[in-house]
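Trainee: only geometry, no sequence info:
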């Protein structure tokens with residue numbers, strides 16, 4: 001299958017916006033950086049332009065974690081330089097190509113042939129990004145992949161792995177129909193698949209903080225006992241605290257439930273490892289397997305202590 005994978009060179013867009021007068025920066029950012037992802041915003045019901053001044057739209061969402069358009073000045077020259085080399089973008093391109101072709105090589109059909117991805121500069125003062133150690137991503141809408149980072153010695157080496165994580169989501173939701181009544185179980189399975197796929201290609205040394213910050217005692221004594229009976233809950237307000245943890249829940253005005261940072265991500269990672277070890281199924285095939293099938297296969301996971309293996313905490 002022939003894939004058309006296009007990089008939106010954010011570095012060049014940042015340079016253009018840097019030269020613009022302040023009054024033009026927001027609209028330039030909206031049109032140049034965000035409009036290529038228009039179908040994604042429409043699917044997610046995120047307004048491209050606010051209905052009223054100060055209302056929620058794609059700029060509002062961008063500013064939660066990324067450098068705001070009006071802050072794109074000469075002050076960002078140093079982080080911008082870190083994502084401006086041809087070598088950097090070639091590494092990103094090779095990573096996305098490798099990530100997607102891994103599925104084709106294993107016989108998984110990709111229903112989407114056109115992909116666009118970009119790398120956005122994170123706002124180092126964003127609490128949501130700080131808790132993720134300066135790196136994040138978004139790839140749940142097929143055909144669209146975004147990575148966000150504050151460039152440094154920790155985040156830059158993790159870009160291929162984060163892109164793999166998001167590519168995995170991209171492929172899964174080409175085969176698994178997204179449902180507005182999605183469950184916590186599906187979200188945990190999805191995140192576990194994505195991170196196991198990333199480690200299958202790039203190794204456990206580049207695991208994201210959403211896994212490495214959780215020690216095995218916390219997983220076995222706090223997360224697993226609380227989360228195992230909540231797998232069928234729906235509604236983002238109910239799912240969010242279990243998936244992301246109390247601190248992020250409070251940031252987004254959800255009620256805390258006694259969960260540490262990224263509880264559902266860490267649990268999902270180990271749950272999928274357990275499933276892959278038990279079944280011998282390739283991660284590529286598991287990626288397009290319904291969560292109900294996976295969860296039915298690993299009921300013993302909830303009753304056994306997960307053992308720390310070959311994993312390095314940051």
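Mentor: All right, it came through fine. Since we're looking at a predicted model, the values are computed, not measured. Numbering: from 1, shown residues only.
Trainee: which strand in this protein runs the most residues?
Mentor: Longest strand in the chain by number of residues (criterion: DSSP state E): strand 114-121.
Trainee: Please name every helix or strand in contact with it.
Mentor: Judged by 3 or more Cβ pairs under 8 Å, 6 or more residues apart in numbering; DSSP states H and E, strand 114-121 is in contact with strand 4-7, helix 10-19, helix 86-105, strand 144-149, helix 159-175. Where you see a C-beta, it was placed from the backbone N, CA and C, and this is true even at glycine.
Trainee: gap between residue 157 and residue 259?
Mentor: Separation of residue 157 from residue 259 (Cβ to Cβ, to the nearest Å) stands at 28 Å.
Trainee: Which one's more surrounded, these two?
Mentor: Shown here are residue 157 and residue 259; by other Cβ atoms under 10 Å, residue 259 has more neighbours (25 against 13).
Trainee: ok, and the closest non-adjacent residue to that one?
Mentor: residue 245 (4.7 Å; Cβ to Cβ, 6 or more residues apart in numbering).
Trainee: repeat for residue 140
Mentor: Nearest residue to residue 140 in three dimensions, chain neighbours excluded: residue 169, at 4.7 Å (Cβ to Cβ, 6+ apart).
Trainee: Would you quantify the distance from the one you found to residue 282?
Mentor: 17 Å.
Trainee: Those two: which is more packed in?
Mentor: residue 169 (22 against 15).
Trainee: you'd agree that one is up against residue 194?
Mentor: Yes - between residue 169 and residue 194 there is a contact under Cβ atoms under 8 Å: 5.5 Å.
Trainee: okay, now residue 31: neighbour count?
Mentor: Residues near residue 31, counting by other Cβ under 10 Å: 12.
Trainee: Wasn't it part of a strand?
Mentor: No - the assignment for residue 31 (DSSP: H, G, I helix; E, B strand; the rest coil) gives helix, which keeps it out of a strand.
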